[in-house]
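Asks: Curious how this folds, go ahead:
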Amino acid sequence: MPSPPRVGGVGGFAFPCGLLYDERMCAHATPDGEDHPENPERLRAIWRKLNAEGITSRYGASTGVSCVVLKAKEAEDKYIASVHSQDHIKLMKEISSKKYDSSRSKIASKYNSIYFNKGSSESAVLAAGSVIEVAEKVAAGKLSSAIALVRPPGHHAEHDKAMGFCLFNNVAVAANYLLTERPNLGIKKILIVDWDVHHENATQKMFYSDPRVLFFSVHRFEKLN
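Replies: All right, here's what the predicted structure looks like:
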């Protein structure tokens, strides 16, 4: 059997791959229990599969590749504000509070494909913060790679509004964090690759004039008659 690759890390073995999952992000769900394509089961199904395959417990140098499970972290407002307006941040962080109990559904109806419930605010802040967490650890060389299992998703969330199941633009927040807040890590350019049924409208707009970020989207083509 060939020896494990020695590319750094503990004992000369490869740095581990990071996996981030937090059940709290599953609290974001339709308020009436209605079926929806963006639902908590999306994350739970992935996590169950990773556990069933032994990925989440693959730790140690015996295989040459190990995984570490990371804890979710909330994003600070100042980092979210690098791509979102203060008004949008305030609303998304308060939408799950009691003062919106009677108006939450009405506010959601003003957006394109959005729902809110009492778990939406915490889930959104955790999703953005968790992408920052894994991106920073990879950039700092503490991990060889990482996957953040987060929801709500982010790529349709624009500067001042939620859209298409997305409340905060998670990857945009993380990219701006590395480029602007952590220049000491030496990350000068970032490639964002998105694949989805729909075009990643918001992230494209956010970095359209920023030469530090190259973005492309792979999505379904629909010919309009």
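Asks: contacts and neighbour counts: CA atoms only from here.
Replies: Fine.
Asks: low pLDDT regions in this structure?
Replies: Scanning the chain with the threshold set as pLDDT under 70 gives 1-14, 59-65, 224-225.
Asks: Is the spatially closest residue to residue 96 that is not a sequence neighbour within a helix or a strand, and which one?
Replies: Distance criterion CA to CA, 6 or more residues apart in numbering; nearest residue to residue 96, sequence neighbours excluded, is residue 118 at 4.3 Å. Using DSSP states H and E, residue 118 maps to neither a helix nor a strand.
Asks: wait, residue 118 sits on residue 28?
Replies: Yes: Residue 118 is within contact range of residue 28, at 7.3 Å (criterion: CA atoms under 8 Å).
Asks: These two: who's more crowded?
Replies: More neighbours surround residue 28 than the other of residue 118 and residue 28, with 23 against 20 (other CA atoms under 10 Å).
Asks: tell me the phi and psi of the more buried one?
Replies: phi -80, psi 110 (degrees, to the nearest 10).
Asks: isn't it right up against residue 127?
Replies: No: judged on CA under 8 Å, residue 28 makes no contact with residue 127 at a distance of 10.9 Å.
Asks: Next, work out how far apart the residue nearest to residue 96 and residue 97 are.
Replies: Distance of residue 118 to residue 97, given as CA to CA, to the nearest Å: 7 Å.
Asks: do residue 88 as well
Replies: From residue 88 to residue 97 the distance is 15 Å (CA to CA).
Asks: and those two? which has more neighbours close in?
Replies: Neighbour totals were compared for residue 88 and residue 97, and residue 88 leads with 19 against 15 (other CA under 10 Å).
Asks: element containing that one, please.
Replies: For residue 88, the element it lies in under DSSP H and E is helix 86-94.
Asks: how far does that helix sit from the chain's center?
Replies: 18 Å (CA atoms, centre = their mean, to the nearest Å).
Asks: what's the answer for stretch 27-44, then?
Replies: The chain centroid and the centroid of stretch 27-44 are separated by 17 Å under CA atoms, centre = their mean.
Asks: cool, stretch 214-225 as well?
Replies: 21 Å.
Asks: Which positions within it qualify as buried?
Replies: The neighbour-count criterion (16 or more other CA atoms under 10 Å) identifies 215, 217 as the buried residues of stretch 214-225.
Asks: Need the overlap of contacts for residue 28 and residue 127.
Replies: Residues touching both residue 28 and residue 127 (CA atoms under 8 Å, 6 or more residues apart in numbering) are 151, 152.
Asks: all strands for this structure, in order.
Replies: Remark: strands assigned in the chain by DSSP state E are 17-20, 67-70, 145-148, 190-195, 213-218.
Asks: what about these, which gets the closest to residue 177?
Replies: strand 190-195 (11.4 Å; CA to CA).
Asks: Would you list the strands that that closest one pairs with, along with their directions?
Replies: Using DSSP bridges, strand 190-195 pairs in its sheet with strand 213-218 (parallel).
Asks: Residues in contact with the strand it pairs with: which ones?
Replies: Here strand 213-218 has contacts from 189-196, 199-200, 203-204, 207, using CA under 8 Å, 6+ apart.
Asks: Out of these, which is nearest to residue 75?
Replies: Nearest to residue 75, judged by CA to CA, of those is residue 203 at 17.9 Å.
Asks: wait, isn't residue 121 in contact with residue 98?
Replies: No: Residue 121 is beyond contact range of residue 98, at 11.9 Å (criterion: CA under 8 Å).
Asks: neighbour-wise, which of those two wins?
Replies: Legend: neighbour count by other CA under 10 Å for residue 121 and residue 98, higher for residue 121 (24 against 11).
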